[in-house]
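Asker: sharing a model that was predicted from the sequence below.
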Amino acid sequence: VKVTDSNPMSKYWNVISIRQAFEQSSNVAMAKLADSLYAEGEFSARLQSFHLSEKTGIELSGEGTPMINDTSRAEWSGISNAWLSFGYESRLTPLQMLTFFNTVANGGKMMKPYVVDEVRREGKTITDFRPTVVDPQIASQHTIEELQTLLEGVVERGTAKKLKSDKYHFAGKTGTSQQNYGKRGRKNEYQASFVGYFPAEKPVYSVIVVIYNPTQGGYYGGEVAGPVFREIADNIYNSMITVHDALNQGPRPVLYAEQLPNRDAGNLAEITTILNYVNVKLDSLPDSELAVVDAADERVVVKPWDPAAQQWPNVRGMRLRDAVYVLENNGYKVHPKGVGRVPHHKWHTDGKGTLGQAWSLPLN
């Protein structure tokens with residue numbers, strides 16, 4: 001049986017490191033490693049020593065029994081070592097696989113998964129569930145740390161590189177398997193998965209995503225299941241208050257006039273509504289229908305505004321509706337051009353601006 005890699009970059013892999021093989025999911029490299037490092041049955045026994053052939057014992061009915069092929073089974077053959085090295089000849093539920101990855105995130109301590117802390121009846125606790133240690137250390141601390149680094153590398157440089165976030169680090173592994181392997185005449189069916197944990201430096205959450213026979217976006221774990229993991233992780237991370245700096249940490253920032261609303265003119269009621277919405281406090285309000293916002297360092301003052309008190313109605317800084325209201329109430333015909341507010345340097349009248357003549361209003 002010939003083992004091949006589906007990664008298009010594999011044609012350049014004459015010699016690669018174990019790290020590269022892991023990050024790029026090289027089946028060929030994993031098969032060679034398993035065959036060269038383990039005698040018949042030893043690799044299977046090593047996998048089973050991680051409790052991968054045991055149920056998690058979660059308090060839910062119907063948990064499937066995992067299987068790691070070994071020499072006691074009729075299905076064992078001369079290629080079983082190689083097949084086990086990249087995930088075939090084994091059956092694990094998503095929860096069982098997640099428990100293993102959670103153990104790696106937990107520094108090697110395997111914990112029994114549970115759903116609830118306690119069951120109460122009429123306010124009294126009748127059943128109490130507490131964290132249970134299955135194995136205090138499934139492998140040496142050095143081995144676990146090396147594996148953590150490899151899983152981070154999958155996201156940094158490997159098959160999950162496109163999923164990398166610039167906000168936080170996560171670690172994980174893509175998985176792609178053919179479900180009807182060896183069944184001739186049937187259309188290929190695949191299972192895509194991604195399992196990992198975050199934040200990588202100090203894990204809090206572990207997540208697994210498994211998609212059977214995906215019909216859109218390809219069928220590789222990094223293309224199909226990985227984006228789902230990333231969306232879940234993003235939403236959880238954004239809600240983790242403890243990992244975000246408080247907005248009020250450090251000295252209070254100085255507000256400069258150019259950062260505040262300034263020279264905005266219009267209806268007073270609308271101006272105060274907007275300022276209240278953005279939580280700008282005002283000491284006092286003028287007794288007028290129209291007003292203008294005047295900004296100074298760290299404060300905003302609203303002053304009365306009387307456009308008609310000048311040679312021509314001054315509508316600079318006004319939005320179109322307010323500007324048209326002021327001008328038409330003074331007998332002008334308005335011809336707006338554009339959208340937005342009246343800039344400070346483009347407004348003018350046609351003619352001398354006498355009553356009844358037309359105004360041209362270029363807007364921002």
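Answerer: That came through fine.
Asker: tell me where the stretch 51-200 of the chain has strands.
Answerer: Under the criterion DSSP state E, counting those that start in this stretch, the stretch 51-200 of the chain carries strands at the ranges 67-68, 90-91, 110-111, 118-121, 124-128, 133-135, 171-178, 190-198.
Asker: could you dump those strands into a markdown table with distance to residue 151, mean pLDDT and mean neighbour count added?
Answerer: Placement of C-beta: from N, CA and C, glycine included. Below are those laid out as a markdown table (distance: least, Cβ to Cβ, whole Å; pLDDT from 0 to 100; neighbours: other Cβ atoms under 10 Å):
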| stretch | distance to residue 151 | mean pLDDT | mean neighbour count |
| --- | --- | --- | --- |
| strand 67-68 | 21 | 96 | 17 |
| strand 90-91 | 19 | 94 | 14 |
| strand 110-111 | 16 | 97 | 18 |
| strand 118-121 | 33 | 91 | 10 |
| strand 124-128 | 34 | 90 | 9 |
| strand 133-135 | 19 | 96 | 14 |
| strand 171-178 | 4 | 94 | 23 |
| strand 190-198 | 7 | 95 | 24 |
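Asker: I'd like the ones you listed laid out as a markdown table, including distance to residue 205.
Answerer: As requested, the strands of the stretch 51-200 of the chain are exported to a markdown table (distance: least, Cβ to Cβ, whole Å):
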| stretch | distance to residue 205 |
| --- | --- |
| strand 67-68 | 27 |
| strand 90-91 | 25 |
| strand 110-111 | 14 |
| strand 118-121 | 22 |
| strand 124-128 | 24 |
| strand 133-135 | 19 |
| strand 171-178 | 11 |
| strand 190-198 | 6 |
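Asker: which one of those strands lies nearest to residue 30?
Answerer: Across the strands of the stretch 51-200 of the chain, residue 30 has its closest neighbour in strand 171-178 (12.0 Å, Cβ to Cβ).
Asker: the closest one pairs with which strands, parallel or anti?
Answerer: Strand 171-178 pairs in its sheet with strand 190-198 (antiparallel), by DSSP bridges.
Asker: what about the strands of the stretch 51-200 of the chain, which gets the closest to residue 57?
Answerer: strand 133-135 (8.1 Å).
Asker: starting at the chain centroid, how far to that closest one?
Answerer: Taking Cα atoms, centre = their mean, to the nearest Å, one finds strand 133-135 lying 31 Å from the centre of the chain it belongs to.
Asker: repeat for stretch 80-87
Answerer: 33 Å.
Asker: mind listing residues that contact that stretch?
Answerer: 3, 25, 27, 30-31, 33-35, 38, 40, 43-44, 47, 68-69, 89-90, 175, 177 (Cβ atoms under 8 Å, 6 or more residues apart in numbering).
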